[in-house]
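K.L.:
The sequence and its predicted three-dimensional model are supplied below.
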Amino acid sequence: MIAQSRSGRCCWRAVSVLLLVMVMSGCMTAALDPVVSEPGGVEPQVAKREGVLAGFDPDPDSDGDSGGHGVPVFAREAAPAAFPRDTLYALLVAELALRQGDLPTALEHYVAEARVTRDPGVVAQAVRLTVLSRDIPLGLEMAELWVAVAPSDPGARQAAALALIRADDLQGALGHLAELRAQSGTANFGYLATQASHLEPAARADLAEALAAVHGRFPDDVQLAYARALVLEQVRRPEEALAVLDGHAPEDLPRGGALLRSQLLAQLGRLDEATAILDVRLADRALQDGDEARLRYARARMLIDAERFGAAQEDFEVLLARVGDNAEILLTLALLALEQGEVPDARGYLERLLATGRRQDVAHYYLGELARTEGDVEAAVSAFGQVMPGAEFRSAQVRASALLLQHTGSDGLGNYLALQRARYPEEAVTLWLLESGLLLEVAADEAALAVLDEALTRHPDEPELRYARALARKRIDDIAGLEADLRHILALEPDHAMALNALGYVLADRTDRFEEARALIVRALELRPEEPAYIDSLGWVEYRMGNHDRARDLLEQAYDLMPDHEIAAHLGEVLWVMGQREAALATWEEGLALNPDSRVLAETMQRLLGRERALGVRSGVGGSQ
């Protein structure tokens, strides 16, 4: 064994004394500061966001929801009793690890010693380190240990409440906050309420009841009243929430109180009162910049809801002047200008939006819309064409394509979409479907089929393209081709419900293979039992098989689920054949009201009523002749 030197023993004694001084003087708390600020240590925003280190709610100035009231600072732990040598050494290792930015090592040692010593100071530091490490289960364990060893320490109650909030146990957190309120006279109930928004509705409702009980213990606590009102608003009980806030003078409520009260009034349809509250607050010269922006934004949204677009635009202009060219504000101003017919202003905002480098697609989209309304086809197509794949892509391509088909014909449409497919190969199928769909809309059936044939040479197993071609083939009565495409899909995907239903319906409608058709439709309904279109198909095959009562029941069920002109055509035919003529006519009239130009309704009525009478029915509901 290597003998320990005398100088080593002296060093150990000195280190022990140093560590004791650090603990007694509160340096354990201060020891976290270098870790927060030094490169390689804990991110500063972690400490700020969690707030436990300083003892305040996470970033209370970040919004008005918590009311802006910090919870009490963790109480300074008392000087510990003398620790055994092993404990002192472990704590020294932990402190040195902190100074070197090694949070895991520090956490491991502090947690171990907290469990062994149960010393309040050591446990408190372990709690802080679990917060910085974002270890929720361990944080909860340490916080509960702190409450067990120091039940009268407000810092322990606060730590337990925060740990339970992070663990989504808001009811448990509320219990500790109530005790904290009893011990220290204040507790940040508002922060707890803001964390309730992600709970399930039932859990939020339970929390609202629990807050009501605690509010009964402390009826004059404005922070608690604010928290209770906030949760009531989350569970959509605005009348109760407003009544809770009205029980306190407006000037006594937390910072977020005025905004919450205004929002509650707006939800109740009392927009004038809601905006009046914000008018008063915004006139306060002592209002902080962050609060002003938040209140002005809320007022602007309320003004939009009240269709007071000019006033809303003024608020957003002020916000824009405060923050510079913010993309969301510029977009909102552009849309408000469009709503009011201020086209030059709208274009100016959209061009400024483009210059920010953000929301490019939506800016190009609305610039395309402006050009389209002005009749500038070339500019519109150019703007729509710059919209990249995303939320606006399909709408932009539909508009550009419709313009080109109208003004340049199918050749111009084909050339444009070929270029778009080359630019965005991942959107090729969508663009093939768009091209064929537009051609079908203008009754260019053969051209649409040619497009789909070409698409399927490139994507032979793409179900959407096969399905689209099957429907296109139905329009030219190519039932064999339709069946081939749908069978191809089912060979690849036997449970493709749309293909099962489509094939079953066509077999029932255009052939006498009724049993086969029925089996296909029943299988589709097994996969999607509440789908009205499939119920309609089953009703139609039952009708074709002569089961009129069963057909009527199914078609009525389908029509109740989804009032649709094609279902109305089928149901009306069954009623007509069953002798219920008035009911049949009423059903067809309803269908024509839904779609005055319905081809299936026109064909059905002409077949059963004759051309002249069918035209009379259609004219009576405003249909074309």
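P.N.:
Cool, the structure landed.
K.L.:
Just give me how far the lengthiest helix in the chain sits from the chain centre.
P.N.:
Using DSSP state H, we find that the single longest helix of the chain is helix 393-423. Between the centre of helix 393-423 and the centre of its chain there are 32 Å (Cα atoms, centre = their mean, to the nearest Å).
K.L.:
Quick check, residue 395 in contact with residue 365.
P.N.:
Yes: between residue 395 and residue 365 there is a contact at 7.0 Å, judged by Cβ atoms under 8 Å. Quick note: C-beta positions are derived from backbone N, CA and C, even for glycine.
K.L.:
and the two? which has more neighbours close in?
P.N.:
Taking other Cβ atoms under 10 Å, residue 395 and residue 365 do not tie; residue 365 has more neighbours (23 against 14).
K.L.:
Just checking, which helix or strand succeeds the helix or strand harbouring the more buried one along the chain?
P.N.:
Per DSSP states H and E: residue 365 is located in helix 360-373. Next along the chain after helix 360-373, taking DSSP H and E as the criterion, comes helix 377-385.
K.L.:
Show me what that following helix is in contact with.
P.N.:
The contact list for helix 377-385, computed with Cβ atoms under 8 Å, 6 or more residues apart in numbering, reads 364-365, 367-369, 371-372, 396-397, 399-400, 403-404, 407, 416, 420.
K.L.:
now do 10 Å
P.N.:
Here helix 377-385 makes contact (Cβ atoms under 10 Å, 6 or more residues apart in numbering) with 350, 363-374, 376, 392-393, 395-404, 406-408, 412, 416, 419-420, 423.
K.L.:
thinking again about what came up before, and the helix holding residue 365, what's its mean pLDDT?
P.N.:
What helix 360-373 shows for mean pLDDT is 96.
K.L.:
Now do it against helix 393-423, angle only.
P.N.:
Calculated by axes from the mean of the first three to the mean of the last three Cα atoms, to 10 degrees, helix 360-373 forms an angle of 100 degrees with helix 393-423.
K.L.:
buried stuff in helix 360-373?
P.N.:
By neighbour count with 16 or more other Cβ atoms under 10 Å, helix 360-373 contains the buried residues 360-372.
K.L.:
now stretch 515-522
P.N.:
So stretch 515-522, judged by 16+ other Cβ under 10 Å, has buried residues 517, 518, 520, 521.
K.L.:
closest to residue 246 among the residues you listed?
P.N.:
For the buried residues of stretch 515-522, the closest approach to residue 246 (Cβ to Cβ) belongs to residue 521, at 59.3 Å.
K.L.:
who's in contact with that closest one?
P.N.:
Contacts of residue 521 by Cβ under 10 Å, 6+ apart are 500-505, 507-508, 534-542.
K.L.:
can you redo the buried residues of stretch 515-522 as JSON lines with distance to residue 563 and pLDDT?
P.N.:
Shown next, in JSON lines, are those (distance: Cβ to Cβ, whole Å; pLDDT from 0 to 100):
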{"residue": "517", "distance to residue 563": "25", "pLDDT": "97"}
{"residue": "518", "distance to residue 563": "25", "pLDDT": "98"}
{"residue": "520", "distance to residue 563": "25", "pLDDT": "98"}
{"residue": "521", "distance to residue 563": "21", "pLDDT": "98"}
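K.L.:
and those residues as a markdown table, adding distance to residue 189 and secondary structure?
P.N.:
Shown next, in a markdown table, are the buried residues of stretch 515-522 (distance: Cβ to Cβ, whole Å; DSSP: H, G, I helix; E, B strand; the rest coil):
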| residue | distance to residue 189 | secondary structure |
| --- | --- | --- |
| 517 | 64 | helix |
| 518 | 63 | helix |
| 520 | 60 | helix |
| 521 | 58 | helix |
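K.L.:
Quick check: the two most widely separated of those?
P.N.:
By the measure Cβ to Cβ, 518 and 520 form the most distant pair in the buried residues of stretch 515-522, at 7.3 Å.
K.L.:
which residues are in contact with both of these two?
P.N.:
Applying Cβ under 10 Å, 6+ apart, one finds that residue 518 and residue 520 are jointly contacted by 504, 507, 508, 537, 541.
K.L.:
Now rank these by neighbours and give me the top one.
P.N.:
Neighbour-wise, the shared contacts of residue 518 and residue 520 (other Cβ under 10 Å) top out at residue 537, 31 neighbours.
K.L.:
Which element, helix or strand, includes that one?
P.N.:
In this assignment (DSSP H and E), residue 537 forms part of helix 532-544.
K.L.:
helices and strands around that helix, which ones?
P.N.:
Here helix 532-544 touches helix 497-510, helix 514-527, helix 548-561, helix 565-577, going by 3 or more Cβ pairs under 10 Å, 6 or more residues apart in numbering; DSSP states H and E.
K.L.:
export those to a markdown table and tack on distance to residue 116?
P.N.:
Below are the helices and strands packed on helix 532-544 laid out as a markdown table (distance: least, Cβ to Cβ, whole Å):
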| stretch | distance to residue 116 |
| --- | --- |
| helix 497-510 | 63 |
| helix 514-527 | 60 |
| helix 548-561 | 66 |
| helix 565-577 | 74 |
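K.L.:
in the helix or strand that contains residue 89, what's buried?
P.N.:
Per DSSP H and E, residue 89 falls inside helix 85-99. Neighbour-count burial for helix 85-99 flags 87, 88, 89, 90, 91, 92, 93, 94, 95, 96, 97, 98 (criterion: 16+ other Cβ under 10 Å).
K.L.:
same for it, what does it pack against?
P.N.:
In this structure, helix 85-99 packs against helix 6-24, helix 27-30, helix 32-37, helix 103-117, helix 120-133, with contacts taken as 3+ Cβ pairs under 10 Å, 6+ apart.
K.L.:
tilt between it and helix 103-117?
P.N.:
Angle, helix 85-99 to helix 103-117, by the same axes, to 10 degrees: 150 degrees.
K.L.:
to the chain's geometric centre, what's the distance from helix 85-99?
P.N.:
Put simply, helix 85-99 sits 46 Å off its chain's centre (Cα atoms, centre = their mean).
K.L.:
Same question for stretch 95-108.
P.N.:
Distance, stretch centre to chain centre, for stretch 95-108: 39 Å (Cα atoms, centre = their mean).
K.L.:
Just the endpoints, please. Distance across that stretch?
P.N.:
Terminal residues of stretch 95-108 lie 11 Å apart, using Cα to Cα, to the nearest Å.
K.L.:
Tell me where the stretch 251-400 of the chain has helices.
P.N.:
257-267, 271-282, 289-305, 309-323, 327-339, 343-356, 360-373, 377-385, 393-423 (DSSP state H, counting those that start in this stretch).
K.L.:
Give me the angle between the shortest one and helix 393-423.
P.N.:
Read it as helix 377-385. Using the same axes, to 10 degrees: helix 377-385 against helix 393-423 is 90 degrees.
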